[in-house]
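In: Have a look; sequence and predicted model below, questions after that.
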Amino acid sequence: MILLIDLCYREDSLGFDEYVLPVARIVERLGFRTRSVHFHAVSAGECSGVKAVILCGTPLADNAFLDEPEDFSWLKTSRIPVLGVCAGMETICRIFGGKLEPCIEIGMTEIRVTGRDPLFPESHSFSAYELHTLACTDPGPMKIIAVSDRCIQVVRHPTKPVYGVMFHPEVRNEWAVERFLSMTRKDGISP
(Lines give C-alpha, C1' and ligand atoms only; values in the text may rest on other atoms or scores of the structure.)
Protein backbone atom coordinates (compact mmCIF):
# COMPACT_ATOMS: atom_id res chain seq x y z
CA MET A 1 0.00 0.00 0.00
CA ILE A 2 1.30 3.43 -0.98
CA LEU A 3 -0.14 6.30 1.07
CA LEU A 4 -0.84 9.46 -0.94
CA ILE A 5 -1.17 12.56 1.22
CA ASP A 6 -3.32 15.42 -0.05
CA LEU A 7 -1.76 18.74 1.02
CA CYS A 8 -4.56 20.93 -0.35
CA TYR A 9 -6.18 23.45 2.00
CA ARG A 10 -9.30 21.32 2.46
CA GLU A 11 -10.30 17.75 1.91
CA ASP A 12 -12.08 17.02 -1.40
CA SER A 13 -10.93 20.25 -3.03
CA LEU A 14 -10.46 20.48 -6.80
CA GLY A 15 -6.72 20.29 -6.10
CA PHE A 16 -7.19 16.61 -5.16
CA ASP A 17 -8.26 15.85 -8.75
CA GLU A 18 -5.37 17.87 -10.18
CA TYR A 19 -2.50 16.83 -7.91
CA VAL A 20 -3.33 13.58 -6.11
CA LEU A 21 -5.24 11.55 -8.71
CA PRO A 22 -2.53 11.81 -11.41
CA VAL A 23 0.03 10.44 -8.92
CA ALA A 24 -2.41 7.68 -7.93
CA ARG A 25 -2.72 6.65 -11.59
CA ILE A 26 1.06 6.33 -11.93
CA VAL A 27 1.38 4.31 -8.72
CA GLU A 28 -1.55 2.02 -9.55
CA ARG A 29 -0.28 1.45 -13.10
CA LEU A 30 2.90 0.08 -11.49
CA GLY A 31 0.85 -2.48 -9.58
CA PHE A 32 0.65 -0.84 -6.16
CA ARG A 33 -2.55 -0.24 -4.22
CA THR A 34 -3.05 3.32 -3.00
CA ARG A 35 -4.86 5.03 -0.19
CA SER A 36 -5.35 8.79 -0.19
CA VAL A 37 -5.74 10.84 2.97
CA HIS A 38 -5.83 14.55 3.73
CA PHE A 39 -2.82 15.80 5.72
CA HIS A 40 -5.01 16.72 8.72
CA ALA A 41 -6.02 13.05 9.05
CA VAL A 42 -2.53 11.52 9.10
CA SER A 43 -1.55 9.92 12.38
CA ALA A 44 1.11 7.44 13.43
CA GLY A 45 -1.44 4.65 13.01
CA GLU A 46 -2.30 5.82 9.49
CA CYS A 47 1.16 4.71 8.34
CA SER A 48 0.80 1.16 9.67
CA GLY A 49 1.24 -1.30 6.82
CA VAL A 50 2.22 1.45 4.40
CA LYS A 51 5.21 0.69 2.15
CA ALA A 52 5.87 4.29 1.04
CA VAL A 53 4.34 7.75 1.29
CA ILE A 54 3.98 10.41 -1.40
CA LEU A 55 3.22 13.97 -0.29
CA CYS A 56 1.40 15.37 -3.32
CA GLY A 57 1.48 18.91 -4.69
CA THR A 58 -1.11 21.68 -4.40
CA PRO A 59 -2.51 24.48 -6.56
CA LEU A 60 -0.28 27.53 -7.00
CA ALA A 61 -1.40 29.70 -4.05
CA ASP A 62 -2.44 26.85 -1.74
CA ASN A 63 0.10 26.95 1.09
CA ALA A 64 -2.19 26.29 4.10
CA PHE A 65 -0.25 23.08 4.87
CA LEU A 66 2.72 25.23 5.94
CA ASP A 67 0.68 26.62 8.85
CA GLU A 68 0.23 23.11 10.31
CA PRO A 69 3.74 21.76 11.03
CA GLU A 70 2.43 19.52 13.82
CA ASP A 71 0.52 17.51 11.18
CA PHE A 72 3.88 16.42 9.76
CA SER A 73 5.86 15.70 12.93
CA TRP A 74 5.67 11.96 12.09
CA LEU A 75 8.20 12.62 9.29
CA LYS A 76 11.00 13.08 11.81
CA THR A 77 10.66 9.59 13.29
CA SER A 78 9.29 7.56 10.38
CA ARG A 79 11.50 5.07 8.55
CA ILE A 80 9.00 4.68 5.69
CA PRO A 81 10.26 5.89 2.27
CA VAL A 82 8.77 9.31 1.48
CA LEU A 83 8.64 11.31 -1.74
CA GLY A 84 7.49 14.92 -1.49
CA VAL A 85 6.28 16.57 -4.69
CA CYS A 86 6.47 20.39 -4.83
CA ALA A 87 4.42 21.31 -1.74
CA GLY A 88 5.60 17.97 -0.37
CA MET A 89 9.23 19.01 -0.81
CA GLU A 90 8.47 22.35 0.87
CA THR A 91 6.96 20.42 3.81
CA ILE A 92 9.94 18.08 4.07
CA CYS A 93 12.44 20.93 3.98
CA ARG A 94 10.57 22.87 6.68
CA ILE A 95 10.12 19.85 8.98
CA PHE A 96 13.84 19.07 8.81
CA GLY A 97 14.91 22.66 9.48
CA GLY A 98 15.18 24.14 6.00
CA LYS A 99 13.96 27.54 4.90
CA LEU A 100 11.53 28.62 2.19
CA GLU A 101 11.46 31.89 0.27
CA PRO A 102 9.35 33.29 -2.56
CA CYS A 103 10.37 31.87 -5.93
CA ILE A 104 7.98 31.65 -8.84
CA GLU A 105 8.47 29.06 -11.57
CA ILE A 106 5.63 28.22 -13.93
CA GLY A 107 6.02 26.00 -16.97
CA MET A 108 8.87 23.92 -18.29
CA THR A 109 12.25 24.38 -16.59
CA GLU A 110 15.67 22.86 -17.23
CA ILE A 111 16.93 20.89 -14.22
CA ARG A 112 20.57 19.90 -13.68
CA VAL A 113 21.46 16.85 -11.61
CA THR A 114 24.39 17.89 -9.39
CA GLY A 115 24.76 14.88 -7.09
CA ARG A 116 24.80 11.14 -7.68
CA ASP A 117 21.94 9.29 -6.08
CA PRO A 118 19.87 6.14 -6.73
CA LEU A 119 16.91 8.33 -7.74
CA PHE A 120 19.14 10.16 -10.25
CA PRO A 121 22.00 7.73 -10.93
CA GLU A 122 23.48 9.67 -13.84
CA SER A 123 24.47 13.31 -13.99
CA HIS A 124 22.41 14.98 -16.65
CA SER A 125 19.86 17.68 -17.36
CA PHE A 126 16.18 17.24 -18.09
CA SER A 127 13.11 19.41 -18.60
CA ALA A 128 10.32 19.31 -16.05
CA TYR A 129 7.06 21.09 -15.32
CA GLU A 130 7.11 23.63 -12.48
CA LEU A 131 4.25 25.33 -10.67
CA HIS A 132 5.24 26.96 -7.40
CA THR A 133 5.52 30.30 -5.59
CA LEU A 134 7.90 29.15 -2.85
CA ALA A 135 11.16 27.24 -2.93
CA CYS A 136 13.58 25.76 -0.46
CA THR A 137 16.61 28.07 -0.27
CA ASP A 138 18.27 26.37 2.69
CA PRO A 139 17.58 22.62 2.79
CA GLY A 140 18.86 22.21 6.35
CA PRO A 141 20.46 18.75 6.59
CA MET A 142 19.00 17.62 3.27
CA LYS A 143 21.48 16.79 0.49
CA ILE A 144 20.96 18.73 -2.76
CA ILE A 145 20.63 16.38 -5.76
CA ALA A 146 19.45 18.76 -8.52
CA VAL A 147 18.90 22.46 -9.19
CA SER A 148 17.39 24.82 -11.75
CA ASP A 149 18.55 28.36 -12.48
CA ARG A 150 16.03 29.60 -9.89
CA CYS A 151 16.06 27.09 -7.02
CA ILE A 152 16.86 23.72 -5.47
CA GLN A 153 14.90 21.04 -7.33
CA VAL A 154 15.66 17.71 -5.63
CA VAL A 155 16.77 16.90 -2.07
CA ARG A 156 17.37 13.75 -0.06
CA HIS A 157 17.64 13.23 3.68
CA PRO A 158 21.20 12.10 4.60
CA THR A 159 20.12 8.99 6.57
CA LYS A 160 16.44 8.35 5.79
CA PRO A 161 14.73 7.31 2.55
CA VAL A 162 13.12 10.75 2.26
CA TYR A 163 13.18 12.71 -1.02
CA GLY A 164 11.71 15.96 -2.23
CA VAL A 165 11.25 17.11 -5.82
CA MET A 166 10.15 20.66 -6.62
CA PHE A 167 8.96 19.78 -10.12
CA HIS A 168 5.72 17.89 -10.85
CA PRO A 169 6.69 14.40 -12.08
CA GLU A 170 3.03 13.53 -12.64
CA VAL A 171 2.98 15.97 -15.58
CA ARG A 172 5.99 15.08 -17.73
CA ASN A 173 8.43 13.02 -15.67
CA GLU A 174 6.55 9.98 -14.40
CA TRP A 175 9.87 8.12 -14.35
CA ALA A 176 10.76 9.95 -11.10
CA VAL A 177 7.81 8.33 -9.28
CA GLU A 178 8.60 5.01 -10.98
CA ARG A 179 12.26 5.16 -9.84
CA PHE A 180 11.24 6.09 -6.29
CA LEU A 181 8.89 3.09 -6.09
CA SER A 182 11.50 0.88 -7.78
CA MET A 183 13.98 1.85 -5.07
CA THR A 184 11.46 0.83 -2.43
CA ARG A 185 11.11 -2.56 -4.15
CA LYS A 186 14.88 -3.08 -3.89
CA ASP A 187 14.47 -2.62 -0.14
CA GLY A 188 12.06 -5.52 -0.03
CA ILE A 189 8.86 -3.64 -0.77
CA SER A 190 6.55 -5.05 -3.41
CA PRO A 191 3.08 -4.12 -4.72
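Out: Arrived safely, thanks for sending.

In: Report the rounded mean pLDDT for the biggest helix by length in the chain.
Out: When the chain is parsed with DSSP state H, its longest helix is helix 174-186. Per-residue pLDDT values over helix 174-186 give a mean of 88.

In: How about stretch 127-135?
Out: Mean predicted confidence for stretch 127-135 is 96.

In: Let me know whether residue 80 touches residue 50 as I believe.
Out: Yes. Taking CB atoms under 8 Å as the definition, residue 80 is a contact partner of residue 50 at 5.9 Å. C-beta here means a position set from N, CA and C on the backbone, and glycine is covered the same way.

In: before we move on, the earlier item: now what about the longest helix of the chain, what contacts it?
Out: The contact list for helix 174-186 (CB atoms under 8 Å, 6 or more residues apart in numbering) reads 2, 23, 26-27, 30, 32, 51-52, 54, 81, 83, 118-119, 161, 163, 165, 167, 169-170.

In: Could I get the buried residue list for that helix?
Out: Across helix 174-186, burial judged by 16 or more other CB atoms under 10 Å covers 174, 176-177, 179-181, 183-184.

In: The nearest residue to residue 38 once chain neighbours are set aside in helix, strand or coil?
Out: Distance criterion CB to CB, 6 or more residues apart in numbering; nearest residue to residue 38, sequence neighbours excluded, is residue 11 at 4.1 Å. At residue 11 the chain is in coil, as set by DSSP: H, G, I helix; E, B strand; the rest coil.

In: contacting residues for the residue nearest the centre of the chain?
Out: Residue closest to the average C-alpha location in the chain (CA atoms, centre = their mean): residue 84, at 1.3 Å. By CB under 8 Å, 6+ apart, the contact set of residue 84 is 54-55, 90-92, 162-165.

In: who's it bridged to?
Out: Per DSSP bridges, the residues bridged to residue 84 are residue 55, residue 164.

In: next one: residue 117
Out: residue 120.

In: ok, it to residue 176 distance?
Out: Distance, residue 117 to residue 176, using CB to CB, to the nearest Å: 12 Å.

In: Same check on residue 150?
Out: For residue 150 relative to residue 176 (CB to CB), the value is 19 Å.

In: what's the helix or strand for the closest residue to residue 173 other than its chain neighbours?
Out: Spatially, and ignoring its direct neighbours in sequence, residue 173 is nearest to residue 128 (5.1 Å; CB to CB, 6+ apart). Residue 128 is part of strand 125-138 when elements are defined by DSSP states H and E.
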